[in-house]
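*Asks:* Give me a model of this one.
(2 chains)
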Protein chains: 2
Amino acid sequence: MSKRLPKFFSCPSEFTLQVLGGKWKTVILCFIKEGPCRYHEIRRLAPTLSDKMLTERLKDLVNAGLITRCKIKDGGGTTDVYALTERGESLHQILSGLYKWGREHADEFGVTIGNPLALLDAVRPQRTLVNRTPD
Amino acid sequence: MSKRLPKFFSCPSEFTLQVLGGKWKTVILCFIKEGPCRYHEIRRLAPTLSDKMLTERLKDLVNAGLITRCKIKDGGGTTDVYALTERGESLHQILSGLYKWGREHADEFGVTIGNPLALLDAVRPQRTLVNRTPD
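*Replies:* Presented below is the predicted three-dimensional model:
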């Protein structure tokens, strides 16, 4: 993603929004900030997101250095998950703020919102990272 | 803006981003959150934003209930400024977070960013609100 970033932004908030990269990347980051997620777990949390779009958005987020692919223990072997990098973690407070504000203000705007993070426990078991594999 | 909002959002963060409404509205909110601003003061802080776009974005923000037009004392009379509503104030922490993160991380991405809030004192005097005029 860095290659496609403009060289100059007139306002820092504009730059941050560009790094977040729109609604789907922000939504994905909101899931992964709660802990490492497998691909199909993200799919279950965002069922309207197509495989093609999810694959592209994950790739963009890896390229931007916000998430990384890691290994987790899974039975006898290991399997891939996505986890926040240190840079991604630095967005944690912003991501939490966006989620919390949306939950608290949807009624005022007369809109209905899902609460995908409430499904996390059902979708994703507690897990331990084995190592981080930078892409 | 409320009329154009979808009725359902799968994730609260997606809804919040929709309310923020993209880069220019977020940038404008970042300025106004520091205190009431006149139209031409916002223009000076965002010189690449055209009159047409600024007028449209301000109208959208008023319609979304995030800002309101107010009167300030100006010499013998009063003049119009834009100020955050209570709903807009509820976005203060998110807006500050977006601005701060951008300032702190631009170097990592090799981009140059402006710091328009540093110009506030030169662009906008300290002022007292007379009343709020809801649009």
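*Asks:* contacts and neighbour counts: CA atoms only from here.
*Replies:* Will do.
*Asks:* Going along the chain, name the strands of chain A.
*Replies:* A:8-9, A:67-74, A:77-84, A:112-113, A:129-133 (DSSP state E).
*Asks:* Ok, which of the ones you listed comes nearest B:Asp107?
*Replies:* Taking Cα to Cα, strand A:8-9 is the member of those nearest to B:Asp107, at 11.2 Å.
*Asks:* Quick one: mean pLDDT for that closest one?
*Replies:* Across strand A:8-9, the average pLDDT comes to 94.
*Asks:* Any idea which helix or strand in chain A has the lowest mean pLDDT?
*Replies:* Of all helical and strand segments in chain A, the minimum by mean pLDDT, DSSP states H and E falls on strand A:129-133, at a mean of 60.
*Asks:* if I look at the residue lying farthest from the centre of chain A, how far off is chain B?
*Replies:* Distance from the C-alpha centroid of chain A, by Cα atoms, centre = their mean, peaks at A:Gly76 (27.4 Å). Using Cα to the nearest Cα, to the nearest Å, A:Gly76 is found at 35 Å from chain B.
*Asks:* and if you look at A:Leu58?
*Replies:* A:Leu58 sits 17 Å away from chain B, taking Cα to the nearest Cα as the criterion.
*Asks:* Now do that residue, the pLDDT please.
*Replies:* Predicted confidence (pLDDT) for A:Leu58: 97.
*Asks:* can you pull out the helices in chain A?
*Replies:* Counting by DSSP state H, one finds helices in chain A at the ranges A:12-20, A:23-32, A:39-45, A:51-63, A:86-89, A:92-105, A:120-123.
*Asks:* and the strands of chain A, which one's lowest on average pLDDT?
*Replies:* It's strand A:129-133: among the strands of chain A, that one has the lowest mean pLDDT, namely a mean of 60.
*Asks:* tally of neighbours for A:Arg57?
*Replies:* 18 (other Cα atoms under 10 Å in any protein chain shown).
*Asks:* Let me know whether A:Ile72 touches A:Thr79 as I believe.
*Replies:* Yes: in this structure, A:Ile72 is within contact of A:Thr79 by Cα atoms under 8 Å, at 5.4 Å.
*Asks:* Look at the two and report which has more neighbours.
*Replies:* Shown here are A:Ile72 and A:Thr79; by other Cα under 10 Å, A:Ile72 has more neighbours (21 against 14).
*Asks:* Name the residues linked to the more buried one by a beta bridge.
*Replies:* A:Thr79, A:Leu129 (DSSP bridges).
*Asks:* State the distance from it to chain B.
*Replies:* Applying Cα to the nearest Cα, the value for A:Ile72 to chain B is 26 Å.
*Asks:* Kindly report the same for A:Ile42.
*Replies:* Distance, A:Ile42 to chain B, by Cα to the nearest Cα: 12 Å.
*Asks:* Was I right to think that residue contacts A:Ile28?
*Replies:* Yes: here A:Ile42 lies in contact with A:Ile28, judged by Cα under 8 Å, at a distance of 7.1 Å.
*Asks:* give the contact list for the residue nearest to A:Ser10 when sequence neighbours are not counted.
*Replies:* Of all residues not flanking A:Ser10 in the chain, B:Gly114 sits nearest, at 4.6 Å (Cα to Cα, 6 or more residues apart in numbering or on different chains). Applying Cα atoms under 8 Å, 6 or more residues apart in numbering or on different chains, we find B:Gly114 in contact with A:Phe8, A:Phe9, A:Ser10, A:Cys11, A:Pro12.
*Asks:* Mind doing that once more with 10 Å?
*Replies:* Residues near B:Gly114 by Cα atoms under 10 Å, 6 or more residues apart in numbering or on different chains: A:Phe8, A:Phe9, A:Ser10, A:Cys11, A:Pro12, A:Phe15, B:Leu45, B:Gly102, B:Arg103.
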